[in-house]
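1. I would like the atomic coordinates for the input below:
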Amino acid sequence: MHSCMENWMKRSICFHPPGFSSSKPKQVCRLQRSLYGLRQAPRCWFSRLSASLLSYGFTRSYADYSLFTLTKGSDFVCILVYVDDLLIAGNNSSFIATIKIYLAQCFPIKDLGHLKYFLGLEVARSPDGIFLCQRKYTLDLLEELGLSDSKPADFPMEPNHRLAVTQTPLFSYPDRYRRVIGKLIYLTLTRPELSYCVHILAQFMQSPCTEHWEAVLRVLRYVKSNPGQGILLRANSELNLQGYCDSDWAACPLSRRSLTGYIVLLGGSPISWKTKKQPTVSRSSAEAEYRSMATVGCELIWLKSLLNSLGILHSRPMEFFCDNQAALHIASNPIFHERTKHIEIDCYFIRDLLQKDVISTRHLIGC
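-> Modelled structure (predicted):
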């Protein structure tokens, strides 16, 4: 779709056209339609697209405003919007074709057929399910940095690294470091195992050292060992949500703040994951673990709402796995103690989810 120039302006915007000479320099042009580069252009486009979809009968998801769904009898269609790129999915190809005709009447569109490649993600369908990977994106990144013939690494990062307190000289090309880190962050869309190491390396983008750059190259050599690795969304699995969380207490040697790590599975397939430094210092490993539980609890609630928008109801409690017995006892104990008063909001949040049967906690034996 040609997004920006298809929309009428709601505000008056006047300007001097570049390169236009006139005997009346005080005259200006008033825009009737939006143009590329205007701050209002993306909003004008999305407002018009949304109005067209809503008038056809689509419903906007409250969990994700870029997701629109339509149900007519047994037919279901959802449209996911990314700027002017649309993904259309449904259970009736004739119904989808009708919607495409309607969109073609509203906007100039180009139908690219079945989904195979989208925003750097490769999509392959098979009887086993849908496989997502970023093989081409990975190979292009390796070629850009001259690592196509490098020796692959067995793991992305040394487990006992000291990157936060390194004394090596500053890296001579910090812009290159930032650019590669940005691409690695995008690569974590289909590589959950990179979440931790990319999180660590992203902390040094302001003033990276040579040791940080060497660690980045190690991550890339690890990725080279299997550039086509990705995620399989299995077709024969039950659509049940499971959350796994963990924390690394006082992991940061500079601030002693803990790390939160979690992954959420839908039918045994990963759909959400994150590594994040906690905003405050925890006084115990149980406290750090409990803050991680609150974080993944928020993610589970949002994912449940998103699935409801897609017609997937999750009536039974979502399973919640944690390897810290003390944190699980805090969650199930209705009495606040001296050592948990300062995390009262997180305590109330998790306990409320337990009492409403939104989640059910399980103990997972740690390493």
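
2. switch to C-alpha atoms for all contacts and neighbour counts from now on
-> Noted.

3. so where does residue 298 fall, helix or strand?
-> helix 285-309 (DSSP states H and E).

4. buried sites along that helix?
-> 285-297, 299-301, 303-307, 309 (16 or more other C-alpha atoms under 10 Å).

5. how far out from the middle of the chain is it?
-> Distance, stretch centre to chain centre, for helix 285-309: 15 Å (C-alpha atoms, centre = their mean, to the nearest Å).

6. and that helix, what does it pack against?
-> strand 241-248, strand 259-266, helix 325-332, helix 344-355 (3 or more C-alpha pairs under 8 Å, 6 or more residues apart in numbering; DSSP states H and E).

7. quick one: whichever helix or strand comes after it to strand 241-248, angle?
-> Sequence order places strand 318-322 as the next helix or strand after helix 285-309, per DSSP H and E. Computed by axes from the mean of the first three to the mean of the last three C-alpha atoms, to 10 degrees, the angle separating strand 318-322 from strand 241-248 equals 20 degrees.

8. grab the nearest non-local neighbour of residue 323.
-> residue 364 (4.5 Å; C-alpha to C-alpha, 6 or more residues apart in numbering).

9. can you report phi and psi for the one you found?
-> Dihedral angles of residue 364 (phi, psi; degrees, to the nearest 10) stand at phi -120, psi 120.

10. could you list every residue that touches it?
-> Contact analysis of residue 364 by C-alpha atoms under 8 Å, 6 or more residues apart in numbering lists 321-324.

11. any idea which of those is closest to residue 49?
-> Of all the contacts of residue 364, residue 49 sits closest to residue 321, with 40.9 Å by C-alpha to C-alpha.

12. burial check on the closest one, number of neighbours?
-> Other residues near residue 321 come to 20 when the count uses other C-alpha atoms under 10 Å.

13. that one reaches residue 361, doesn't it?
-> Yes. Under the criterion of C-alpha atoms under 8 Å, residue 321 makes contact with residue 361 at 5.9 Å.

14. before we move on, back to that, residue 28 is nearest to which of the helices and strands packed on helix 285-309?
-> Of all the helices and strands packed on helix 285-309, strand 259-266 comes closest under C-alpha to C-alpha, at 54.8 Å.

15. for the closest one, name the packing helices and strands.
-> strand 241-248, strand 269-277, helix 285-309.

16. show residues contacting it.
-> Contacts of strand 259-266 (C-alpha under 8 Å, 6+ apart): 196, 238-252, 270-278, 288-289, 291-292, 296, 300.

17. can you pull the contacts of residue 124?
-> Contacts of residue 124 by C-alpha under 8 Å, 6+ apart are 116, 130-132.

18. can you do 10 Å?
-> Going by C-alpha atoms under 10 Å, 6 or more residues apart in numbering, residue 124 touches 115-117, 130-133, 232.

19. ok, back up a step: okay, the helices and strands packed on strand 259-266 in JSON lines with mean pLDDT and distance to residue 30 next?
-> What follows is the helices and strands packed on strand 259-266, written out as JSON lines (pLDDT from 0 to 100; distance: least, C-alpha to C-alpha, whole Å):
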{"stretch": "strand 241-248", "mean pLDDT": "91", "distance to residue 30": "52"}
{"stretch": "strand 269-277", "mean pLDDT": "94", "distance to residue 30": "46"}
{"stretch": "helix 285-309", "mean pLDDT": "90", "distance to residue 30": "41"}
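
20. just the buried residues out of the contacts of strand 259-266, in PyMOL syntax.
-> Of the contacts of strand 259-266, the buried ones go into a single PyMOL selection, burial set by 16+ other C-alpha under 10 Å:
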select buried, resi 196+239+240+241+242+243+244+245+246+247+248+249+250+252+270+271+272+273+274+275+276+277+278+288+289+291+292+296+300
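
21. could you list the low-confidence segments of the chain?
-> For the chain, applying pLDDT under 70 flags the ranges 1-10, 20-24, 34, 334-348, 366-367.

22. so which residues of it form helices?
-> For the chain, helices defined by DSSP state H occupy the ranges 41-56, 93-106, 135-144, 174-187, 195-202, 210-224, 285-309, 325-332, 344-355.

23. closest one to residue 168 among these?
-> helix 210-224 (6.1 Å).

24. got the buried residues for the closest one?
-> For helix 210-224, by 16+ other C-alpha under 10 Å, it's 210-213, 215-224.

25. which of those sits closest to residue 98?
-> residue 223 (42.2 Å).

26. ok, the closest one - contacts?
-> Counted by C-alpha under 10 Å, 6+ apart, residue 223 has contacts 135, 138-139, 142, 152-156, 184, 187, 191, 194, 217, 229.

27. and with 8 Å instead?
-> 138, 152-153, 156.

28. residue 296 now?
-> 243-245, 262 are the contacts of residue 296 under C-alpha under 8 Å, 6+ apart.
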